[in-house]
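Engineer: I would like the atomic coordinates for the input below:
(chains A and B)
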Amino acid sequence: MGYSRWKPSDWKSHIASTSTKKREEIFTSNELDNDLDPKNVIRESRDSELNPESTAIIINVDVTGSMGMLAEQLVRKGVGKVFEEILDRKPVTDPHLMITANGDYNCDRTPFQASQFETDMTITNWLEKIYLEGGGGGNRFESYDLPYYFAANQTSIDCFEKRNKRGYLFTMGDEPAPKFLDRQLASLVLGELGLQEDIPFTQVVDQATKMYHCFHLIVAEGSYCRHNWGGGIDEVKRSFRDALGQNVVVLDDIKDLSEVIVSLIEVNEGADKESVVKSWDGSTSMTVANAVKDIDPAGGNYDDAMGAIRL
Amino acid sequence: MNPENLKGYEILAIETPENLFDKDKIKAQFMKLRKLWHPDYCPLPESGEVFNHIQKLKVRADELIKEGVWNKDGEIEFMVADGKSYVFRYLMKREIDVGVMYIGAEKVMFMIKQEYEDLYKNACQYIAYFPFVNRKVSDEFHKFLPQVSFNEKVNGDGFVLILKKDKDAYSLKDLIDYHGGKLDSKQVAWIGSGLFNLAAMLEVSGMTHNGFTSDAIFVKPSDHTIYLLGGWWYSGKVGDVLKAIPSKMARVLPRELYVEKRTDSCYDGIQIRSTLIEALGDKTMLGSSLLKGSDVPKSILSWLRSIDTGNAVKRYEDWFKVLESAFGKRKFIKMEINSNKIYKR
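Structural biologist: Predicted coordinates for the structure are as follows:
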């Protein structure tokens, strides 16, 4: 997928058509849409004439409980902003965007949904098809392992396969990470995984990190973080830092979700942190500053140079 | 070839001094070429560029002589520390992480750079005294491990390590290249069986190899024997400090390796899986490009791509289950290949 190009005019029309709609008028699905079913599928991000140097970007939203606001933010403003700012600032080339949504496979009917990779307004159609189940349980974690496992095992992306350049994977939510990927429950969602045992979350993330720069955004406005259930936001940070290190960031205000995503890509690709922060106005620059403060550039490419690597 | 008869563009196309100078006539040939191409005497527009290129090749020639290494058209001459010179004839030369590998008909020579002295010594130690767990294991597996034919410090910098090789065994990398970058999955099946068997033996012996790359592995298609000739510079006992890893494995090995820096047999498993994925045609070694449109059986691909949880013996058993589910009962798969086809293309 990914054979067309983003048009700002289409996005403006989309904003006009959704601005007066309530969330439930935009997200009308009340069950998993077949097109978003992740079971036994492979999602592809391919170079094309219009997008010759594609960069795969996955944005995964938590759709448990009140976290449906993340998908709403993306559909009203987020994806357009991500596309336009990346095309304008060019931290990476030819963005191909995929939206995925996670719930909790311990209790939800629809624990994971995955769009195709898209380069244009089609991505909003996928977004609107997402079923905002609003589930999740009282187990103090959601199935944030599914987007990582899916990215590592069920995507095929040209930026990595042809150019040794990793894509981007952003997950977000307000609850802690699971400790393990439950192979039986995950198989029900994704198809038979062929795993001999449950896999620690750190290993699942590690696998995804081979193909993607991975970030988790902790939604500070989420109930788990605000109400200090369990260990609150500190517990959430701890649970992800084992797997993602510095790439766990706090999203203070979800209205700035897109700006934070674009800024993380910029800083990760080597842009000056201060300049990136200053490029945004008002409170957005503060949200971005807080999000990127611990991020160091990772570089995009694997080094093909010969020579034994000393440890 | 008389270098004085070469055209300017021909000289510019020469990348190594051995292809311009004769080892015994370097000084005389250089003086003649210098006169011929000096911009003060030569009216041709490219004279300056050619002149500079000749100078550079001469400097490199002097360095090579000092290092005791002279390499020309299928043979390399080198001098060891006591001043004795040797010539090694090879069919294929390949750059590897620690230096250069020369594949001969019945031997493989590794010229290892001085900076990897510790790794060279490591290799010599484990090749000479591999700690087989018992006599039975030794009898069964010693033939798959290298036997040293010659190892010395080279005059100048570096080390030479020559290992014996079966004449019908080829580097896996060469085999993959010969087949256009991808082997049939049934061929990869027997190669995997041999490699996982070796990994199980290593684990039982308390050892890890850590260098299961396609240029370290040699395969003999006529009887499906797998030899682990290269990569011993990375090896160590389970739990030892890991000194280095192959560059191409940086992308596939887990992050914990960089933190703990200790050998673990699961790293051998991960490397073998990745090398088999490479043999199936995915140069990234992660296998995502084979997910769609490839003829690799899904069960094999998903097993190779799954997370390795250690236990080499169980891995070996599981591999056979996966093969049986993909191909049915075990049978011998022929590969029509010989040294001429691979090395004299």
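Engineer: only C-alpha atoms for contact and neighbour calcs from this point on.
Structural biologist: Will do.
Engineer: what's the closest non-adjacent residue to residue 152?
Structural biologist: By default, I'm working from chain A. If the residues on either side of it in the chain are set aside, A:Ala152 comes closest to A:Ala208, at 4.4 Å by CA to CA, 6 or more residues apart in numbering or on different chains.
Engineer: hmm, no, I was thinking of chain B.
Structural biologist: B:Val160 (5.4 Å).
Engineer: tell me the average confidence for the helix or strand where that neighbour lies?
Structural biologist: In this assignment (DSSP states H and E), B:Val160 forms part of strand B:159-164. Per-residue pLDDT values over strand B:159-164 give a mean of 96.
Engineer: list the helices and strands that strand packs on?
Structural biologist: In terms of contacts (3 or more CA pairs under 8 Å, 6 or more residues apart in numbering or on different chains; DSSP states H and E), strand B:159-164 is packed against strand B:107-112, strand B:148-153.
Engineer: how about the ones you listed in CSV, adding mean pLDDT?
Structural biologist: CSV is the format used below for the helices and strands packed on strand B:159-164 (pLDDT from 0 to 100):
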stretch, mean pLDDT
strand B:107-112, 96
strand B:148-153, 90
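Engineer: could you pull out the helices in chain A for me?
Structural biologist: Ranges of helices in chain A, per DSSP state H, are A:8-18, A:23-26, A:68-73, A:79-89, A:122-129, A:145-153, A:158-163, A:183-190, A:201-209, A:223-226, A:232-244, A:257-268, A:273-278, A:282-292.
Engineer: to B:Lys136, which of these lies closest?
Structural biologist: helix A:201-209 (36.5 Å; CA to CA).
Engineer: pick the most deeply packed of the helices and strands packed on strand B:159-164.
Structural biologist: For those, average neighbour numbers computed from mean count of other CA atoms under 10 Å in any protein chain shown are highest in strand B:107-112, which has a mean of 24.
Engineer: hey, which helix or strand in chain B has the poorest pLDDT?
Structural biologist: Sorting the helices and strands of chain B by mean pLDDT, DSSP states H and E puts strand B:69-72 at the bottom, at a mean of 78.
Engineer: what's next to the helix or strand that comes right after that one, contact-wise?
Structural biologist: Once strand B:69-72 ends, the next helix or strand along the chain (criterion: DSSP H and E) is strand B:75-79. Strand B:75-79 has contacts (CA atoms under 8 Å, 6 or more residues apart in numbering or on different chains) with B:68-71, B:85-90, B:154-155.
Engineer: what distance do you get for the closest residue in space to A:Pro297 that isn't next to it in sequence to chain B?
Structural biologist: Nearest residue to A:Pro297 in three dimensions, chain neighbours excluded: A:Asn268, at 4.0 Å (CA to CA, 6+ apart). Applying CA to the nearest CA, to the nearest Å, the value for A:Asn268 to chain B is 18 Å.
Engineer: list the buried ones in the least confident helix or strand of chain B?
Structural biologist: By 16 or more other CA atoms under 10 Å in any protein chain shown, the buried positions in strand B:69-72 come out as B:69-71.
Engineer: stretch B:286-305 too?
Structural biologist: Of the residues in stretch B:286-305, B:286-292, B:296-297, B:299-305 count as buried by neighbour count, 16+ other CA under 10 Å.
Engineer: same deal with stretch B:334-345?
Structural biologist: Here stretch B:334-345 shows B:338, B:342-343 as buried, counting by 16+ other CA under 10 Å.
Engineer: check stretch A:48-65 too.
Structural biologist: Buried residues in stretch A:48-65, counted by 16+ other CA under 10 Å: A:51, A:53-65.
Engineer: want to throw these into a markdown table with pLDDT and distance to chain B?
Structural biologist: What follows is these, written out as a markdown table (pLDDT from 0 to 100; distance: CA to the nearest CA, whole Å):
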| residue | pLDDT | distance to chain B |
| --- | --- | --- |
| A:Asn51 | 90 | 19 |
| A:Glu53 | 95 | 16 |
| A:Ser54 | 95 | 15 |
| A:Thr55 | 96 | 15 |
| A:Ala56 | 97 | 13 |
| A:Ile57 | 96 | 16 |
| A:Ile58 | 96 | 16 |
| A:Ile59 | 94 | 19 |
| A:Asn60 | 94 | 20 |
| A:Val61 | 90 | 24 |
| A:Asp62 | 89 | 25 |
| A:Val63 | 87 | 28 |
| A:Thr64 | 88 | 28 |
| A:Gly65 | 82 | 31 |
